[in-house]
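[1] here is a sequence together with a model predicted from it:
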Protein chains: 2
Amino acid sequence: MARTAGSHSDITGPRVREAALKLFAQQGFAAVSMRQIAGEVGVQVGALYNYTPDKQSLLFDLMKSHMDGLLAAYADNSAVTAEARLHDFVQFHIRFHHDRPDAVFIAYMELRNLTPENFAVIEALRRQYEDRLEDILRAGVASGSFDVPDTKIATLALIAMLTGVNTWFRAGGRLSLEDVEAQYWQMVRKAVSAEG
Amino acid sequence: MARTAGSHSDITGPRVREAALKLFAQQGFAAVSMRQIAGEVGVQVGALYNYTPDKQSLLFDLMKSHMDGLLAAYADNSAVTAEARLHDFVQFHIRFHHDRPDAVFIAYMELRNLTPENFAVIEALRRQYEDRLEDILRAGVASGSFDVPDTKIATLALIAMLTGVNTWFRAGGRLSLEDVEAQYWQMVRKAVSAEG
DNA sequence: TGATTAACTGAACGCATGTTCAAAACAAAC
DNA sequence: GTTTGTTTTGAACATGCGTTCAGTTAATCA
């Protein structure tokens, strides 16, 4: 076999994904054409089909990679107190999402552009992530340090609040990411705490 | 002038808006064609242009109406305690958004499909709404009943959390809207409270 | 009844879409 | 320097897009 090393396929492939991620986040999946992506990469549109069977798969792969990365990156430590675990979660969530705003945006906004089968896969992964937080809340309720009537609702409420950081936070602004983390942690801690 | 009463224009006009609202929410602005909207209304595509100059204006009008309605419907009562005002806000926000999920969805998801001028208008209205909540938080901090380091951050965090209800709540499920309101109020109240 | 005009149709405009594929370009292996 | 096989081009396919507009329909007023 000839032409394996030195080939452009291991360069163009990632570049296609990067361009798609950026453009989908900026303009939305439906508004971005394959020709736009090709233009961003610097190739003709036909070349894209060496790297994805179709546009839908390109979207799905981006979302799946993001969710896989999210689940792989978060390691819960169930040996410590529920409050310490929750603190870890809040810090992790804010940082991880802050570091990849385009992928986060796509994962939340483009769900309706997935085929039903692809949607089910992504939704299951999201559910897994939510379950990690709910485990922490349940542990805290069981030990008496948290007080929330319904751990499922609290889970969804906290994730919505934390993910919201991405919609407004910009590095170099009035506050550092550390400031933001500290303040969100204070709100989260108080929101679920058992009142004295 | 002939043909004013009995005309269809006061029927078709609202139906165009309803169809566009529904379809934009379901599939996204860019993915919906004028022909689809016309099909939903039961007219030919050309007829739509009696009711909107173009597709972009249709989107903008829907978003503007929603934001105007939001600002008109919420009446703050600055005569009572900050905690009572915050309770009112939480109830109002959850209910108002619950009652019009399609408009809410569009107002959050389709901002990037607005022209810069139209975006600025919608963004200013959103800012106005946020300012109403921030006023309440500031009053509570001033009176000592709330404790939040930065009222702007807290405002954005609370709104993200409250709006998140729309992404999962379905009437007829495990919980009533009253249950949800009560639990979110508990979390909000604790999150901003000055600890004993 | 006839004139008026708002509401709508149906077809057309130029252009963009996702996808396919034969042919060309090209880099490495022999 | 020829062979081999991966990568890319460039053109084409059928279809759909937003928008326009001359012409038809039908309800109202005089």
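    Ah, there it is. In this text, all values refer to a predicted model and were calculated from it rather than measured experimentally.
[2] and for residue A:64, the neighbour number?
    By the criterion of other C-beta atoms under 10 Å in any protein chain shown, residue A:64 has 17 neighbours. C-beta: built from backbone N, CA, C; applies to glycine.
[3] should've said residue A:130
    By the criterion of other C-beta under 10 Å, residue A:130 has 15 neighbours.
[4] equivalent analysis for residue A:113, please.
    Residue A:113 has 22 nearby residues by other C-beta under 10 Å.
[5] leaving out chain neighbours, which residue sits closest to it?
    residue A:29 (4.5 Å; C-beta to C-beta, 6 or more residues apart in numbering or on different chains).
[6] neighbours around the one you found, how many?
    Residue A:29 has 23 nearby residues by other C-beta under 10 Å.
[7] how about residue A:159?
    21.
[8] now the helix or strand where residue A:92 lies: mean pLDDT?
    Using DSSP states H and E, residue A:92 falls within helix A:82-99. Averaged over helix A:82-99, pLDDT sits at 98.
[9] give the buried residues for the helix or strand that comes right after it.
    The helix or strand immediately downstream of helix A:82-99 is helix A:101-109, counting by DSSP H and E. Within helix A:101-109, the residues that count as buried by 16 or more other C-beta atoms under 10 Å in any protein chain shown are A:102-109.
[10] check stretch A:146-155 too.
    So for stretch A:146-155, counting by 16+ other C-beta under 10 Å, buried means A:146, A:148, A:150-155.
[11] just curious, which of those is nearest to residue B:16?
    In terms of C-beta to C-beta, no member of these lies closer to residue B:16 than residue A:153, at 37.3 Å.
[12] can you tell me how far residue A:193 is from chain B?
    7 Å (C-beta to the nearest C-beta, to the nearest Å).
[13] oh, I was asking about residue A:39
    Taken as C-beta to the nearest C-beta, the span from residue A:39 to chain B is 18 Å.
[14] pLDDT score for that residue?
    97.
[15] need the contact list for it.
    By C-beta atoms under 8 Å, 6 or more residues apart in numbering or on different chains, no residues touch residue A:39.
[16] are we agreed that it is in a strand?
    No - judged by DSSP: H, G, I helix; E, B strand; the rest coil, residue A:39 forms no part of a strand; its state is helix.
[17] for residue A:26, which non-adjacent residue is spatially closest?
    residue B:112 (7.3 Å).
[18] my bad, should have said residue A:152
    Closest to residue A:152 by C-beta to C-beta, 6+ apart is residue A:134, at 6.3 Å.
[19] what helix or strand is that neighbour on?
    Per DSSP H and E: helix A:116-143 holds residue A:134.
[20] that helix vs helix A:101-109, what angle?
    100 degrees (axes from the mean of the first three to the mean of the last three C-alpha atoms, to 10 degrees).
[21] check contacts around the nearest residue to residue A:81 once chain neighbours are set aside.
    The shortest distance from residue A:81 to any non-neighbouring residue, by C-beta to C-beta, 6+ apart, is to residue A:145 (7.1 Å). For residue A:145, the contacting residues are A:81-83, A:193-194, by C-beta under 8 Å, 6+ apart.
[22] now residue A:97
    Applying C-beta under 8 Å, 6+ apart, the residues contacting residue A:97 are A:104, A:162-163, A:165-166.
[23] is stretch A:117-135 up against DNA strand C anywhere?
    No - using C-beta under 7 Å from any atom of the strand, we find that stretch A:117-135 stays clear of DNA strand C, coming within 13.0 Å at best.
[24] contacts for that stretch, please.
    A:56, A:60, A:63-64, A:67-68, A:70-71, A:74, A:76, A:78, A:89, A:107, A:111, A:114, A:151-152, A:155-156, A:158-159.
[25] just the CA coordinates of that stretch, formatted as CSV?
    Extracted as CSV, the C-alpha positions of stretch A:117-135 are listed here (Å, rounded to 0.1, in the frame of the first residue of the first chain):
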residue,chain,number,x,y,z
GLU,A,117,-32.0,7.6,16.4
ASN,A,118,-29.1,10.1,16.8
PHE,A,119,-31.2,12.2,19.2
ALA,A,120,-31.8,9.2,21.4
VAL,A,121,-28.1,8.5,21.7
ILE,A,122,-27.2,12.1,22.7
GLU,A,123,-30.2,12.3,25.0
ALA,A,124,-29.0,9.1,26.8
LEU,A,125,-25.6,10.6,27.3
ARG,A,126,-27.0,13.8,28.7
ARG,A,127,-29.1,11.8,31.1
GLN,A,128,-26.1,10.0,32.3
TYR,A,129,-24.4,13.2,33.1
GLU,A,130,-27.5,14.5,34.9
ASP,A,131,-27.6,11.3,36.9
ARG,A,132,-24.1,12.0,38.2
LEU,A,133,-25.3,15.2,39.8
GLU,A,134,-28.5,13.7,41.1
ASP,A,135,-26.4,11.0,42.9
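[26] buried stuff in it?
    Quick answer for stretch A:117-135 (16+ other C-beta under 10 Å): A:118, A:122, A:125-126, A:129, A:132-135.
[27] nearest to chain B, of those residues?
    Nearest to chain B out of these is residue A:126 (C-beta to the nearest C-beta; 10.9 Å).
[28] what's the local residue count around the residue nearest to residue A:55 when sequence neighbours are not counted?
    Excluding the flanking residues, the one nearest residue A:55 by C-beta to C-beta, 6+ apart is residue A:34, at 6.0 Å. The tally of other residues near residue A:34 (other C-beta under 10 Å) stands at 17.
[29] go on, residue A:84?
    12.
[30] got a list of what it touches?
    residue A:77.
[31] could you measure from it over to residue A:23?
    Residue A:84 sits 40 Å away from residue A:23, taking C-beta to C-beta, to the nearest Å as the criterion.
[32] check contacts around residue A:61.
    Contacts for residue A:61 (C-beta under 8 Å, 6+ apart) come out as A:17, A:52.
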